[in-house]
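1. Sequence first, then the predicted structure:
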Amino acid sequence: AQSVAQPEDQVNVAEGNPLTVKCTYSVSGNPYLFWYVQYPNRGLQFLLKYITGDNLVKGSYGFEAEFNKSQTSFHLKKPSALVSDSALYFCAVRDMGHVSGTYKYIFGTGTRLKVLA
Amino acid sequence: DTEVTQTPKHLVMGMTNKKSLKCEQHMGHRAMYWYKQKAKKPPELMFVYSYEKLSINESVPSRFSPECPNSSLLNLHLHALQPEDSALYLCASSPFSGSNEQYFGPGTRLTVT
């Protein structure tokens, strides 16, 4: 089965500084990787995805992620953090369901990002 | 309309009650999902519907009963729940099963007393 790991429960960064939220993956075959953000008491919002192509993926709100096959990583980055970026971030991978042709998404444990003013 | 709506926003129910959660999308998506999320934890998949048919049931207890009456609507019927079932229940949709991103609703905060 596919899986993703987020090694940091929380990341603190000063406003204006670059931020990185880490994700590593374990997949058989080509990975389908995603980042989502969740604000308090809200659903998840899609940020970006890697399916194939360029290793640097650009997404919403100025976020980007770098796919690194040799390190099996898919870290989320932003050049300059905003206080409003403070939220819970989930990395996810697409996995097969038990029945052929069905799919599901496996989420990492989440990383709380705190941007300090 | 790129929105997934869920009602109610909050629900408090006793262990003997029967209630239902509702999810709706009008994006023409043919895959819909129910997730359960405990505080500070990732969403856990419960059910997947593809073209109005149940395609994945992640061994969810029978006190949770999903229903997909049409391609825009997804219900989750609740009966005889336990306090440990208290959580945020999230609905999501995607153009089809396995497509590249999911659109999530805001969730229903369920408390079982």
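-> Good, I have the coordinates. Residues are numbered from 1 along each chain as shown, chains lettered A, B, ... in the order given.
2. Phi first, then psi, for the residue sitting nearest the centre point of chain B.
-> The structure's chain B has its C-alpha centroid closest to B:Trp34; by CA atoms, centre = their mean the separation is 3.1 Å. Main-chain dihedrals, B:Trp34, degrees, to the nearest 10: phi -110, psi 130.
3. That one pairs with what?
-> When bridges are called by DSSP bridges, B:Trp34 pairs up with B:Phe47, B:Cys91.
4. what ranges do the strands span in chain B?
-> B:4-7, B:10-13, B:18-25, B:31-37, B:44-50, B:53-57, B:64-70, B:73-79, B:87-94, B:103-104, B:108-112 (DSSP state E).
5. So the residue nearest to the centre of chain B is in contact with B:Leu78, correct?
-> No. Using CB atoms under 8 Å, B:Trp34 is not in contact with B:Leu78, being 11.2 Å away. Every residue, glycine included, has its C-beta placed from N, CA and C.
6. could you redo the strands of chain B as a markdown table and give each row mean pLDDT?
-> Conversion of the strands of chain B to a markdown table gives the following (pLDDT from 0 to 100):
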| stretch | mean pLDDT |
| --- | --- |
| strand B:4-7 | 96 |
| strand B:10-13 | 95 |
| strand B:18-25 | 97 |
| strand B:31-37 | 95 |
| strand B:44-50 | 94 |
| strand B:53-57 | 92 |
| strand B:64-70 | 96 |
| strand B:73-79 | 97 |
| strand B:87-94 | 95 |
| strand B:103-104 | 93 |
| strand B:108-112 | 96 |
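7. Including distance to A:Val4, could the ones you listed go into JSON lines?
-> Listed next are these as JSON lines, based on distance: least, CB to CB, whole Å:
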{"stretch": "strand B:4-7", "distance to A:Val4": "23"}
{"stretch": "strand B:10-13", "distance to A:Val4": "31"}
{"stretch": "strand B:18-25", "distance to A:Val4": "25"}
{"stretch": "strand B:31-37", "distance to A:Val4": "16"}
{"stretch": "strand B:44-50", "distance to A:Val4": "14"}
{"stretch": "strand B:53-57", "distance to A:Val4": "19"}
{"stretch": "strand B:64-70", "distance to A:Val4": "26"}
{"stretch": "strand B:73-79", "distance to A:Val4": "26"}
{"stretch": "strand B:87-94", "distance to A:Val4": "17"}
{"stretch": "strand B:103-104", "distance to A:Val4": "18"}
{"stretch": "strand B:108-112", "distance to A:Val4": "26"}
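8. residues contacting A:Gly108?
-> Counting by CB atoms under 8 Å, 6 or more residues apart in numbering or on different chains, A:Gly108 touches A:Val4, A:Ala5, A:Gln6, A:Cys23, A:Phe90, A:Cys91, A:Ala92, B:Pro42.
9. tell me the phi and psi of the last one?
-> This points to B:Pro42. According to degrees, to the nearest 10, B:Pro42 has phi -70, psi 160.
10. how close does it get to chain A?
-> 4 Å (CB to the nearest CB, to the nearest Å).
11. isn't that residue right up against A:Tyr105?
-> No. Using CB under 8 Å, B:Pro42 makes no contact with A:Tyr105, being 10.1 Å away.
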